[in-house]
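next come a sequence and a model predicted from it.
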Amino acid sequence: MTVDQLDEEREKRLKLEGALEMAGATAEELNRPLTIIQFLLDSLLKESDVHDPKQPYLKLISEQLYQIAELARRINNVWTYETKEAGNGRSVIDLNKSVSPCVERDRISYSGEYWKLSAELKTKLGRT
């Protein structure tokens, strides 16, 4: 390897380390307030009457909190450094390409796509 190639490889490694550290810190910082907000919202939902006109709004807020929590989970699962163009000459980490595969209940997700787990794979993963 040439000196330039070694420098380029070192730069890539440093970027990856920085991205992984930032991803972990961001996910951790997002999860703290999300947990508190979700707890308070769950309390409000339990206390409110089914016919309360605010009930649909509370449920919508809960659904959106779930989406934010999913984003934090994805950020926390960044394992490589892939970027995409964000406009104005900036590039950002592409979460769909940078997140490690994730097994959830009866499916596996990777790059923003989901596949249903086979019965055999569920058994191997202990998800029966």
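Good, I have the coordinates.

low-confidence regions, the protein specifically.
The chain contains residues with pLDDT under 70 at 100-117, 121-128.

secondary structure element for the residue nearest the centre of the chain, which one?
Centroid-nearest residue in the chain, with CA atoms, centre = their mean: Arg74, separated by 1.6 Å. Here Arg74, judged by DSSP states H and E, is contained in helix 55-76.

next structured bit after that helix?
Where DSSP H and E defines the elements, the next helix or strand beyond helix 55-76 is strand 83-87.

which strands or helices does that following strand pack on?
The contact analysis (3 or more CB pairs under 8 Å, 6 or more residues apart in numbering; DSSP states H and E) places strand 83-87 against strand 90-93. The C-beta positions use only the backbone N, C-alpha and C, and glycine is treated the same way.

list the buried ones in the strand it packs on?
Ile93 (16 or more other CB atoms under 10 Å).

next: stretch 24-36.
The neighbour-count check on stretch 24-36 (16+ other CB under 10 Å) flags 27, 30-31, 34 as buried.

what do you get for stretch 58-72?
Neighbour counts using 16+ other CB under 10 Å place 61, 65, 69, 72 of stretch 58-72 among the buried residues.

biggest helix in this structure by residues?
Ranked by residue count, the top helix of the chain under DSSP state H comes out as helix 3-47.
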